[in-house]
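Q: This is a predicted model, with the sequence first.
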Amino acid sequence: MSTKTLQASRLPALLDAIRQSTRLVAPARDGDRIHFRPVAAAAAEIASHRDYIVPRNSIKEFFFPRSEPLLAFERREAAVAVDDPPMAFPPTVLFGCRPCGAASLPIMDALYNWDSRDPFWNARRAATTVVAIACTRADEACFCTALGSAPNATAGADLLLTPLDDTRYLAEVLTPKGEAIVALAPDAFRDAAPGDADKQAPCQAALDALPSPLDLDRIAAWLAANFESDRWAPLSYKCLGCGCCTFLCPTCHCFDIVDEGTYRRGQRRKNWDACQTPLFSLHASGHNPRPDQAARWRQRIEHKFNYYVQKFAVRSCVGCGRCIRHCPVNMNILGQLQEISTL
């Protein structure tokens, strides 16, 4: 909607202004790791964008929590009383995610507004403003460009900050929510001059380190034609079925629904689940349509790059690389996609 510059020296004041009026979630240090979490002291807690490629966890847990109540029940003399959980979610600014993280949100919007509108997801989306920071470097696990995106893409962000140098950010104000952030500290922003609008140069080192685009249509065609391929077993040999990739992924969204409590009272809860574990597809009869890890790994690849594309015309992957970076046995989905694209 507009392009401005933000003085880096004024960023702490902007963050303090945000924190005083709303909940602030940002990358913060947790020992030697950096995680997204609510911060109380603003600039004193928040990690510099230079300190991380992407935080270890994704932003999805602030829209789709690891566990949340769907209803509460209590048996009384005349009937069972059922109460809905409160739907008042705090206004939140999610600061410092990368463009790949922000891009996960419109991908998930398609799912949560498909055959019915999910009130939990949509209420949190409405209450949250996303301030992303473009990438000026990348590691060997990053692959957003392989999927047609970029380290300075704007999808899903309300405000995108691109570090121009050590003293300034280019601030792309993309939505009314982004305008509201600027209004919290208007003196920190200036209208961008023509020479400030080059957002490619600051991201060139990241672009140089990122892979070439994949032939995604060719991959989808191979996946559609090779459900029974013998290649799935060797592709899955290393996989432990631990679910690490699923839980860290910003677009994995599977959940289980469990009643927890006693005969008299309790809650029905929605809990994260993972298609890579044997119990995920186990039927009450004892039959499991995905009886081995080859079938479960196939499901992960097919879902992200074939099934989701067929249903929503978008891939359920943003190339953040968390599934590569943190896999305990070094499974590499990018390498497998590159192999498939040559078949």
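A: Done, it's in. Numbers count the residues shown, from 1 in each chain.
Q: okay, now residue 43: neighbour count?
A: Neighbour count for residue 43, taken as other C-beta atoms under 10 Å: 15. Bear in mind the C-beta positions are built from the backbone N, C-alpha and C, glycine included.
Q: ok, it touching residue 14?
A: No - the pair residue 43 / residue 14 is not scored as a contact, 9.1 Å apart, by C-beta atoms under 8 Å.
Q: what pLDDT does residue 199 get?
A: Per-residue pLDDT puts residue 199 at 89.
Q: cool, and residue 92?
A: Per-residue pLDDT puts residue 92 at 98.
Q: Mind exporting the C-alpha coordinates of stretch 236-254 to PDB?
A: This file holds the C-alpha atoms of stretch 236-254, laid out as PDB (Å, rounded to 0.1, in the frame of the first residue of the first chain):
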ATOM      1  CA  SER A 236      12.000 -43.500   3.400                       C
ATOM      2  CA  TYR A 237      14.700 -45.900   4.800                       C
ATOM      3  CA  LYS A 238      16.300 -43.400   7.200                       C
ATOM      4  CA  CYS A 239      13.000 -42.000   8.600                       C
ATOM      5  CA  LEU A 240      12.300 -42.800  12.200                       C
ATOM      6  CA  GLY A 241       8.700 -41.700  12.200                       C
ATOM      7  CA  CYS A 242       9.400 -39.300  15.100                       C
ATOM      8  CA  GLY A 243       7.200 -36.500  13.700                       C
ATOM      9  CA  CYS A 244       9.800 -33.800  14.200                       C
ATOM     10  CA  CYS A 245       9.300 -32.500  10.600                       C
ATOM     11  CA  THR A 246       5.600 -32.400  11.100                       C
ATOM     12  CA  PHE A 247       5.600 -30.500  14.400                       C
ATOM     13  CA  LEU A 248       8.100 -27.900  13.200                       C
ATOM     14  CA  CYS A 249       6.500 -27.400   9.800                       C
ATOM     15  CA  PRO A 250       4.500 -24.200   9.400                       C
ATOM     16  CA  THR A 251       1.900 -25.800   7.100                       C
ATOM     17  CA  CYS A 252       1.400 -29.200   8.700                       C
ATOM     18  CA  HIS A 253      -2.100 -29.100  10.300                       C
ATOM     19  CA  CYS A 254      -3.200 -32.600  11.300                       C
END
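Q: Renumber starting at 691 from here on
A: Sure, I'll start numbering at 691, so the last one becomes stretch 926-944.
Q: Identify the residues contacting it?
A: Applying C-beta atoms under 8 Å, 6 or more residues apart in numbering, the contact partners of stretch 926-944 are 746-750, 754, 790-791, 794, 797-798, 801, 962-968, 970, 983-984, 986-988, 990, 994, 1006-1008, 1010, 1012-1013, 1016-1021, 1023.
Q: quick check: mean pLDDT across it?
A: Confidence for stretch 926-944, expressed as mean pLDDT, is 97.
Q: May I see the buried residues of it?
A: 926, 929, 931, 933-943 (16 or more other C-beta atoms under 10 Å).
Q: ok, now stretch 725-743?
A: Across stretch 725-743, burial judged by 16+ other C-beta under 10 Å covers 726, 727, 729, 732, 735, 736, 737, 739, 742, 743.
Q: try stretch 907-916
A: So for stretch 907-916, counting by 16+ other C-beta under 10 Å, buried means 909, 910, 912, 913, 916.
Q: and residue 1014, what element?
A: helix 1012-1015 (DSSP states H and E).
Q: now for that helix, which elements pack on it?
A: helix 934-938, helix 1023-1030 (3 or more C-beta pairs under 8 Å, 6 or more residues apart in numbering; DSSP states H and E).
Q: Return it as CSV; C-alpha atoms alone will do.
A: Only the C-alpha atoms of helix 1012-1015 are listed here, as CSV (Å, rounded to 0.1, in the frame of the first residue of the first chain):
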residue,chain,number,x,y,z
ARG,A,1012,13.0,-26.8,9.4
CYS,A,1013,12.3,-30.4,8.4
ILE,A,1014,15.8,-30.6,6.9
ARG,A,1015,17.6,-28.6,9.6
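Q: Off-centre distance for it?
A: 13 Å (C-alpha atoms, centre = their mean, to the nearest Å).
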